[in-house]
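Participant: Turn this into a model:
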Amino acid sequence: MKPIFKNIIAVILGWLGGSAVNMGLITLGHTLFPIEGIDPNNMEAYAEVLPNLDFTYFIFPFLAHALGTLIGALIAGWIGANHKMKLSLLVGGLFLLGGIAINFMLPGPTWFPIVDILFAYIPMAWIGGKIALKLSRS
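Facilitator: Below you'll find the model as predicted:
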């Protein structure tokens, strides 16, 4: 298989794998920390209560964003034919764009988007890329 096709597949699989981890953790968070009287699928109602929620309600969203990005970047870097770190960072960039979008659609307390955007995406993509590089050399 040509390297470009392998790299494209790596990014797609990284994005899909990271998204699955992200959604799994978000679902787990809603199960462990339900918001009484709010349907998590009703974005308008959810957006109204989000700014007033306690810190504990933001643990799983942060973990979902960080670990989803980490796993997605790891998958892309591990599968990619070459430019493994670039592929990992590309996946991190895709998750960063999604993170920025969700933080605008569902605005939480001021501290959350700052922490989320600074620590959950590019740093986790870089760590995933480093792990992928180590796995590729083994």
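Participant: can you pull the buried residues of the helix ranked longest in the chain?
Facilitator: In the chain, assigned by DSSP state H, the helix with the most residues is helix 3-32. Along helix 3-32, the positions that meet the burial threshold by neighbour count (16 or more other Cβ atoms under 10 Å) are 7, 10-11, 13-15, 17-19, 21-22, 25-26, 29-30. Heads up, the C-betas are built off the backbone N, CA and C, glycines and all.
Participant: So which residues of this structure form helices?
Facilitator: Listed in chain order, the helices of the chain (DSSP H) span residues 3-32, 43-49, 59-79, 84-105, 111-119, 122-137.
Participant: Just name the closest of the buried residues of helix 3-32 to His65, please.
Facilitator: Within those, proximity to His65 (Cβ to Cβ) peaks at Asn22, which comes in at 6.6 Å.
Participant: right, and the closest one touches Leu63 too?
Facilitator: No: at 9.3 Å, Asn22 does not count as touching Leu63 under the criterion of Cβ atoms under 8 Å.
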